[in-house]
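J.: this one's structure only:
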């Protein structure tokens, strides 16, 4: 590998080119603030299954300017049908609301966000080996594997649960549940024939969700309590699919067939973490319930907070380093305050949902009471409005 030794100076550097990083860059771009996204992979990370967004996510999409584009690639879902594997009957039908939810392929989301950014905003193949902070200015030096260094006045970590920025902040690793999620998109060339509802199918320590994306594609996920050793070969999609089919053996035949038909299921661990910010660096994106929707909220709020303190953008600013440090710190602390209680609520809901799946029946009853009566139930958090850019 050719080693580069040059240094670059940027106003804002974002680590991670997934949905959170791209949305944050787009929010800043909409406010006239330049940023550079450092992505580890050589191309856009647009692989993956799909994501269901409620009102809170679509509100953020609209402010980022990609809402209508993504709505055109999705189907409106206004009802949730909840059923139990070992119980007869039709189950419960729960209205989601007028806004409902829509499920979008992850590749469509990533492409829409990236296409709305200037081409020079994203740097690929950037493998970060260290992040240092200047003790005088509080600015940061991001050291890359090829030997180059990117100095920045504000550093934003959108690089997931193993975040380099989180380690710089001194945060503990995120808590892991004893659950894992297998998910995929199944295609039906002649149409799936399903009604437009969100199916929630509960089994013994298992939960299946199914959402139509359009007339020919369906997104599904299976959450189950597992021993991590059962998924040592989780990178092999065939192993993931076979293990998931086995777990669904008591489910309706159409559900099992849906999983068998998929080509590339993905698996990931459920996590819980917190957003925070100190000095001139912060985190965005969340591993809580509605994680992608929360990441979009983060992007809008963070761009708003920074632009209020830096209306002309950091790169073109004539302010001294000391004033930039002060203003950036004020903006990021405001962002952390605004998001703290929101993330606390979502973390509590995430914890309870993971606990319900793995708990005994008496504990499940208690957790369900807390979830529905104290934390607002299934959809209260989806009506949240993160405000304008």
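T.: It's in. Given the structure is predicted, the values throughout are model-derived calculations rather than measurements.
J.: what's the nearest residue to the residue nearest the centre of the chain if we skip its chain neighbours?
T.: Centroid-nearest residue in the chain: residue 292, 2.8 Å away (criterion: CA atoms, centre = their mean). Leaving aside its chain neighbours, residue 292 sits nearest to residue 51 (4.6 Å; criterion: CB to CB, 6 or more residues apart in numbering). In short, each C-beta sits where N, CA and C put it, glycine included.
J.: One more: residue 41?
T.: Closest to residue 41 by CB to CB, 6+ apart is residue 124, at 6.6 Å.
J.: Tell me how many other residues crowd the one you found.
T.: 14 (other CB atoms under 10 Å).
J.: That one contacts residue 36, doesn't it?
T.: No - using CB atoms under 8 Å, residue 124 makes no contact with residue 36, being 11.6 Å away.
J.: In the stretch 1-150 of the chain, where is pLDDT below threshold?
T.: 1-5, 88-90 (pLDDT under 70).
J.: which stretches of it form strands?
T.: Using DSSP state E, counting those that start in this stretch, the strands of the stretch 1-150 of the chain run over residues 7-15, 36-38, 50-53, 79-84, 92-95, 102-105, 122-123, 128-133, 140-144, 149-157.
J.: Mean neighbour count and distance to residue 248 for those strands - can I get that in TSV?
T.: As requested, the strands of the stretch 1-150 of the chain are exported to TSV (neighbours: other CB atoms under 10 Å; distance: least, CB to CB, whole Å):
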stretch	mean neighbour count	distance to residue 248
strand 7-15	20	38
strand 36-38	24	38
strand 50-53	23	19
strand 79-84	16	13
strand 92-95	12	21
strand 102-105	23	20
strand 122-123	18	39
strand 128-133	15	40
strand 140-144	18	44
strand 149-157	25	37
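J.: closest to residue 68 out of these?
T.: Of all these, it is strand 102-105 that lies closest to residue 68, at 11.7 Å by CB to CB.
J.: any residues touching the closest one, and which ones?
T.: For strand 102-105, the external contacting residues (CB atoms under 8 Å, 6 or more residues apart in numbering) are 49-53, 58, 70-71, 73-77, 185, 211-213, 217, 219.
J.: Which among the residues you listed count as buried?
T.: 49-53, 58, 70-71, 73-75, 77, 185, 211-213, 217, 219 (16 or more other CB atoms under 10 Å).
J.: how far away is the residue nearest to residue 292 from residue 364?
T.: Distance from residue 51 to residue 364, counting by CB to CB, to the nearest Å: 27 Å.
J.: Check residue 63 too.
T.: Residue 63 is 38 Å from residue 364, by CB to CB.
J.: In terms of neighbours, single out the busier of the two.
T.: Between residue 63 and residue 364, counted using other CB under 10 Å, residue 63 has the larger neighbour count: 21 against 14.
J.: And that one, how far from residue 292?
T.: 15 Å.
J.: and if you look at residue 43?
T.: Residue 43 is 20 Å from residue 292, by CB to CB.
J.: can you check residue 212 too?
T.: Counting by CB to CB, the gap from residue 212 to residue 292 is 18 Å.
J.: ok, now residue 345?
T.: For residue 345, the distance to residue 292 (CB to CB) stands at 17 Å.
J.: end-to-end on stretch 362-382?
T.: Terminal residues of stretch 362-382 are spaced 28 Å apart (CA to CA, to the nearest Å).
J.: can you pull the buried residues of that stretch?
T.: Buried-residue list, stretch 362-382, by 16+ other CB under 10 Å: 367, 371, 378, 381, 382.
J.: Could you dump these into a markdown table with pLDDT, secondary structure and distance to residue 92 added?
T.: Output for those, formatted as a markdown table (pLDDT from 0 to 100; DSSP: H, G, I helix; E, B strand; the rest coil; distance: CB to CB, whole Å):
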| residue | pLDDT | secondary structure | distance to residue 92 |
| --- | --- | --- | --- |
| 367 | 73 | helix | 18 |
| 371 | 73 | helix | 15 |
| 378 | 71 | coil | 11 |
| 381 | 77 | helix | 20 |
| 382 | 79 | helix | 18 |
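J.: one step back: mind listing what the residue nearest to the centre of the chain touches?
T.: 19, 20, 51, 53, 57, 109.
J.: Now find how far off-centre the helix or strand where it lies is within its chain.
T.: Element membership for residue 292, per DSSP states H and E: helix 291-309. Centroid separation for helix 291-309 versus its chain: 13 Å, with CA atoms, centre = their mean, to the nearest Å.
J.: Tell me the buried residues in that helix?
T.: Quick answer for helix 291-309 (16+ other CB under 10 Å): 291-307, 309.
J.: all helices of the protein, in order?
T.: 19-30, 55-64, 67-71, 106-115, 164-169, 237-247, 253-261, 291-309, 321-358, 361-369 (DSSP state H).
J.: Residue 134: which of these is closest?
T.: helix 321-358 (9.3 Å).
J.: so how far is the closest one off the chain centroid?
T.: Using CA atoms, centre = their mean, the offset of helix 321-358 from its chain centre is 14 Å.
J.: what do you get for stretch 145-160?
T.: Worked out by CA atoms, centre = their mean, stretch 145-160 lies 20 Å from the chain centre.
J.: Next, the distance between the ends of it.
T.: The stretch stretch 145-160 measures 19 Å between its terminal residues, going by CA to CA.
J.: for stretch 63-83, same thing?
T.: End-to-end span of stretch 63-83 (CA to CA): 36 Å.
J.: Please apply the same query to stretch 211-225.
T.: Termini of stretch 211-225 sit 22 Å apart (CA to CA).
J.: And stretch 136-154, by the same measure?
T.: 14 Å.
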